[in-house]
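A.B. asks: Okay, sequence plus prediction incoming.
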Amino acid sequence: MMNVFQPCRRGGRAASLLVLVGALGLAACEGGTTSTGVPCPTAKAPVGGLDYKLGVGDRVKVTVIGQPELGSEAEVDAGGKLVIALAGEVLAVNHTVSEIQAEITQKLKSNILVDPRVSVQVSGYRPVTVLGQVRQPGRYPYSFGLDVRGATALAGGLERRASPERSVIFRPGQSCDAKPDTPLFPGDTVEVLRRGG
């Protein structure tokens, strides 16, 4: 197979790419993600409750029953930790709310209180990122029940060349093909594909 030098337009700017003849040449000109061939699961995101696994950007509210002055709110930082008053650092990424609650209880028990009763609730979820053929790509707040259609609306709607039915969702260790009603998880990245891409 021979190589050809073929001009393409990518992102509105002219560019010249060395591409292979045929489908590879077309893909290079389109310059975007293509379908993965793996459909996304249709189950709703497991958000809320004690079994929810925390990630960077999630916010939690910590309440110590009978000790309102010890309550606090914290966000999981880039290092995957929460910093809680009097309890110190708590590793949070990939740990459930229940596990975090137990660890904070143990730290407060050993440091200051005899029998602390701790409640941990998620007060804000990590945002979703919307890319590709949308008018305002960026990061947007996650809310329970958000799907691809809702995320696209948050990003200003579809561009003229967008496919209304096709997008790709990226999650840690996974990417999959999504439809407008595919539910999103906190922290997802959605790329809306071009028509025919």
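C.D. replies: Sure, I can see it.

A.B. asks: Which parts of this protein are strands?
C.D. replies: With DSSP state E as the criterion, the chain has strands at 3-10, 13-20, 59-64, 72-75, 81-84, 88-91, 118-124, 128-132, 138-140, 162-171, 174-178, 189-194.

A.B. asks: Which of the ones you listed comes out lowest on mean pLDDT?
C.D. replies: Among the strands of the chain, strand 13-20 carries the lowest mean pLDDT, at a mean of 30.

A.B. asks: before we move on, back to that, mind putting the strands of the chain into TSV with distance to Ser110?
C.D. replies: Glycine gets a C-beta too; all of them are placed from N, C-alpha and C. Shown next, in TSV, are the strands of the chain (distance: least, CB to CB, whole Å):
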stretch	distance to Ser110
strand 3-10	57
strand 13-20	59
strand 59-64	14
strand 72-75	18
strand 81-84	14
strand 88-91	11
strand 118-124	13
strand 128-132	38
strand 138-140	38
strand 162-171	36
strand 174-178	38
strand 189-194	40
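
A.B. asks: out of these, nearest to Cys40?
C.D. replies: Closest of the strands of the chain to Cys40 is strand 174-178, at 3.9 Å (criterion: CB to CB).

A.B. asks: what inclination does that closest one have with respect to strand 162-171?
C.D. replies: Using axes from the mean of the first three to the mean of the last three CA atoms, to 10 degrees, the interaxial angle of strand 174-178 with respect to strand 162-171 works out to 160 degrees.

A.B. asks: residues of strand 174-178 that come out buried?
C.D. replies: 175-178 (16 or more other CB atoms under 10 Å).

A.B. asks: any chance of those in CSV, plus distance to Ala153?
C.D. replies: As requested, those are exported to CSV (distance: CB to CB, whole Å):
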residue, distance to Ala153
Ser175, 22
Cys176, 21
Asp177, 20
Ala178, 15
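
A.B. asks: doesn't Arg117 make contact with Lys109?
C.D. replies: No. In this structure, Lys109 is not within contact of Arg117 by CB atoms under 8 Å, at 10.4 Å.

A.B. asks: max-length helix in the chain?
C.D. replies: Scanning the chain for the longest helix, with DSSP state H as the assignment, gives helix 97-111.

A.B. asks: which residues sit against that helix?
C.D. replies: With contact meaning CB atoms under 8 Å, 6 or more residues apart in numbering, helix 97-111 is reached by 49-52, 54, 60, 62, 64, 70, 82, 84, 86-88, 90, 92, 95, 115-122.
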